[in-house]
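J.: Have a look at this prediction, sequence included:
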Amino acid sequence: MAIATINPATGTTVRTFPELTEAEVEQKIGVAHERWRTYRLTGFDERAECMRAAADLVEKEVDHAAQLMSTEMGKTLASAHGEALKCAHGMRYYADHAAEFLADEVLADPSQVGAERALGRYQPLGVVLAAMPWNFPMWQVMRFAAPALMAGNVGLLKHASNVPQCALYLEDVLRRGGFAEGCFQALLISSGKVEAILRDPRVVAATLTGSEPAGRSVAAICGDEVKHTVLELGGSDPFVVMPSADLDRAVATAVDARVQNNGQSCIAAKRFIVHTDIYDAFTEQFVARMRELTVGDPFDPATDVGPLATEQGRADVEELVDDAIAAGATVLCGGRRPDGAGWFYPPTIIADITRDMRIFAEEVFGPVASLYRAADIEEALEIANATTFGLGSNAWTNDKTEKERFMADLYAGQVFINGKTTSYPELPFGGVKRSGYGRELSTHGIREFCNLKTIWMG
Ligand SMILES: O=CCCC(=O)O
């Protein structure tokens with residue numbers, strides 16, 4: 001795939017970028033490695049000062065940052081604004097808390113291990129490669145970069161090929177914030193160049209947010225090299241609605257959760273599992289609200305749902321929907337692409353899904369909701385967990401016992417009760433099963449790329 005800004009609302013190529021040569025990549029890895037040798041010795045205060053200065057710049061330049069995101073991948077301008085501000089919040093969060101999260105863990109009674117003093121110390125690992133996706137082109141990167149830099153690591157970014165300007169902006173804003181040359185570099189390369197980087201001894205670890213095949217490939221190479229990885233690989237999140245739920249709130253959140261980011265979020269609710277007693281009432285309102293949404297230009301404030309980010313992405317969504325229809329599923333709204341330019345796809349709800357349909361098992365990365373009827377909580381949980389993914393999950397109920405059941409038995413990295421699954425710097429983020437492993441954000445995210453060194457002094 002060419003490295004280019006292609007406006008998904010029109011399909012026109014706005015700007016292309018030459019791919020780095022192998023020699024240029026080699027030079028950048030060298031710069032990163034050299035930089036790390038001194039950067040690792042800087043203190044938290046110095047790093048925090050740069051991080052806060054960069055956060056100030058992101059806030060000041062929020063309009064520009066948002067414009068880049070909407071142009072490159074089609075999210076609505078309002079959501080792009082929100083994403084840029086979320087980056088600034090995450091940057092400040094780690095600037096404020098890194099020292100506390102990475103403080104020495106001193107053994108209160110060192111005599112237990114025959115020492116005068118014993119402790120665990122978090123030290124940076126070195127040069128880390130981040131392979132990041134286009135769907136949250138700034139937030140996904142910054143939630144790696146902020147903790148990694150605050151911990152004393154340096155970063156190389158292999159961003160998705162359709163968001164090069166976002167990648168270059170982030171490199172630039174961190175440098176202008178005061179991070180020295182080489183602390184964070186964007187590599188404009190195709191995925192074919194990633195293996196050599198992962199195998200380079202100067203690159204010590206990798207984090208990837210993206211597809212399952214991409215994650216498998218990075219994990220296999222890093223496994224071969226015995227290098228640490230964190231993987232966040234999509235999901236097919238369940239959204240269970242029980243009879244005691246506040247139906248209006250559940251429906252409003254269902255719509256928002258499914259069409260957020262034009263339907264392209266790994267933690268978007270994708271499978272709506274509704275108790276039979278309220279199935280008809282929920283469905284009627286859900287369909288009505290999905291139909292009301294305005295699909296169009298992401299720069300128009302009236303737009304709720306912009307285009308899908310890539311032509312291939314829309315073709316993938318269409319293929320899953322068409323496969324379900326051909327096998328007997330019912331389309332309650334949407335289901336057909338509009339005529340005209342751009343990679344638009346309408347908010348869609350599909351019912352009567354059977355387990356042999358691809359849509360039952362695969363992640364739909366577009367504004368398409370799959371609807372299921374459950375006779376009781378056992379069946380709801382069974383359907384919810386009948387997936388190879390395990391990223392986020394949602395349950396709507398006001399019954400105390402049911403809340404406990406969902407917290408205990410939804411097999412996922414995150415369970416949100418009566419609310420939309422959302423990432424927060426303050427909470428761990430990650431999955432189980434084929435949604436990946438390791439955690440981003442919170443205290444856990446910053447520790448992922450640290451060597452917890454045991455120190456024993458006699
Ligand atoms: O696409 C993955 C989730 C992104 C987020 O909301 O943090």
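T.: Happy to help now that I have it.
J.: average model confidence for the lengthiest helix in the chain?
T.: Secondary structure of the chain read by DSSP state H shows that its longest helix is helix 77-101. Helix 77-101 carries an average pLDDT of 98.
J.: In the stretch 201-350 of the chain, what residue lies closest to the ligand?
T.: Taking Cβ to the nearest ligand atom, the ligand has its nearest neighbour within the stretch 201-350 of the chain at Cys266, 3.4 Å off. The C-beta positions use only the backbone N, C-alpha and C, and glycine is treated the same way.
J.: hmm, I was thinking of the stretch 351-458 of the chain
T.: Of all residues in the stretch 351-458 of the chain, Ser423 sits closest to the ligand, at 3.1 Å by Cβ to the nearest ligand atom.
J.: List the beta-bridge partners for the nearest residue to that residue once chain neighbours are set aside.
T.: Distances taken as Cβ to Cβ, 6 or more residues apart in numbering put Phe429 closest to Ser423, at 4.8 Å, once the chain neighbours are dropped. Here Phe429 sits in beta bridges with Glu440, going by DSSP bridges.
J.: contacting residues for Phe429?
T.: For Phe429, the contacting residues are Arg143, Glu232, Gly413, Gln414, Ser423, Arg439, Glu440, Leu441, Ser442, Gly445, by Cβ atoms under 8 Å, 6 or more residues apart in numbering.
J.: can you give me phi and psi for the nearest residue to Val305 once chain neighbours are set aside?
T.: Spatial nearest neighbour of Val305, chain neighbours left out: Val295 (4.7 Å); criterion: Cβ to Cβ, 6+ apart. When read as degrees, to the nearest 10, the backbone of Val295 gives phi -100, psi 130.
J.: so what's Val295 up against?
T.: Residues near Val295 by Cβ under 8 Å, 6+ apart: Thr303, Asp304, Val305, Gly306, Pro338, Phe344, Pro346, Pro347.
J.: okay, among those, which ones form the most distant pair?
T.: Asp304 and Pro338 (14.4 Å; Cβ to Cβ).
J.: Which one's more surrounded, those two?
T.: In terms of neighbours (other Cβ atoms under 10 Å), Asp304 is the more surrounded of Asp304 and Pro338; the figures are 19 against 11.
J.: if we can go back for a sec, among the contacts of Val295, which one has the most neighbours?
T.: Within those, most neighbours by other Cβ under 10 Å means Gly306, with 30 neighbours.
J.: any idea how far that one is from Arg47?
T.: Distance from Gly306 to Arg47, counting by Cβ to Cβ, to the nearest Å: 36 Å.
J.: now Glu26
T.: Following Cβ to Cβ, the distance that separates Glu26 from Arg47 is 27 Å.
J.: Likewise for Thr354?
T.: As judged by Cβ to Cβ, Thr354 and Arg47 stand 53 Å apart.
J.: Over to Ala369?
T.: Ala369 sits 43 Å away from Arg47, going by Cβ to Cβ.
J.: Check Ser161 too.
T.: From Ser161 to Arg47 the distance is 30 Å (Cβ to Cβ).
J.: So which of Glu26 and Arg47 has more stuff around it?
T.: Using other Cβ under 10 Å, the more surrounded residue of Glu26 and Arg47 is Arg47, with 23 against 15.
J.: helix/strand/coil for the more buried one?
T.: Applying DSSP: H, G, I helix; E, B strand; the rest coil to Arg47 yields a three-state assignment of helix.
J.: Spell out the secondary structure type for the residue positioned nearest the centre of the chain.
T.: For the chain, the residue nearest the mean C-alpha position is Gln140 (5.4 Å; Cα atoms, centre = their mean). Recorded secondary structure, Gln140: helix (three-state DSSP).
J.: try Ile278
T.: Counting by three-state DSSP, the backbone at Ile278 sits in helix.
J.: I'd guessed it sits against Ala245; true?
T.: Yes - in this structure, Ile278 is within contact of Ala245 by Cβ atoms under 8 Å, at 7.5 Å.
J.: These two: which is more packed in?
T.: When neighbours are counted by other Cβ under 10 Å, Ala245 comes out ahead of the other of Ile278 and Ala245, with 22 against 17.
J.: Just list the residues touching the more buried one, thanks.
T.: Contacts for Ala245 (Cβ under 8 Å, 6+ apart) come out as Ile278, Trp396, Thr397, Asn398, Asn418.
J.: What separation do you get for it and Thr397?
T.: With distances taken as Cβ to Cβ, Ala245 is found 5 Å from Thr397.
J.: Identify the contacts common to the two.
T.: Taking Cβ under 8 Å, 6+ apart as the contact rule, Ala245 and Thr397 both touch Asn418.
J.: Go ahead and list the helix or strand containing the residue nearest to the residue of the stretch 201-350 of the chain closest to the ligand when sequence neighbours are not counted.
T.: Once flanking residues are discounted, Cys266 sits nearest to Gly234: 4.6 Å by Cβ to Cβ, 6+ apart. Here Gly234 is covered by no helix or strand, with elements defined by DSSP states H and E.
J.: Might one say that Gly234 is in contact with Glu363?
T.: Yes - at 5.1 Å, Gly234 counts as touching Glu363 under the criterion of Cβ under 8 Å.
J.: Quickly list what's touching both of those two.
T.: Joint contacts of Gly234 and Glu363 (Cβ under 8 Å, 6+ apart) are Cys266, Phe389.
J.: Any stretches of the stretch 201-350 of the chain with poor pLDDT?
T.: Under the criterion pLDDT under 70, no range of the stretch 201-350 of the chain is flagged.
J.: buried set for stretch 423-441?
T.: Buried positions in stretch 423-441, judged by neighbour count with 16 or more other Cβ atoms under 10 Å: 423, 425, 428-431, 433-441.
J.: same question, stretch 275-284
T.: In stretch 275-284, counting by 16+ other Cβ under 10 Å, buried: His275, Ile278, Tyr279, Phe282, Thr283.
J.: Format these as CSV; extra columns: distance to Ile189.
T.: CSV is the format used below for the buried residues of stretch 275-284 (distance: Cβ to Cβ, whole Å):
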residue, distance to Ile189
His275, 49
Ile278, 50
Tyr279, 49
Phe282, 46
Thr283, 46
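J.: Can you tell me which of those residues is nearest Ala130?
T.: Ranked by distance to Ala130 (Cβ to Cβ), those are led by Phe282 at 39.5 Å.
J.: Check what contacts whichever strand or helix holds that closest one and list those residues.
T.: Secondary structure assignment for Phe282, by DSSP H and E: helix 276-292. Outside of helix 276-292, the residues within contact range by Cβ under 8 Å, 6+ apart are 241-243, 245, 247-248, 250-252, 254-255, 258-259, 272, 274, 332-334, 347-349, 351, 369, 371, 373-375.
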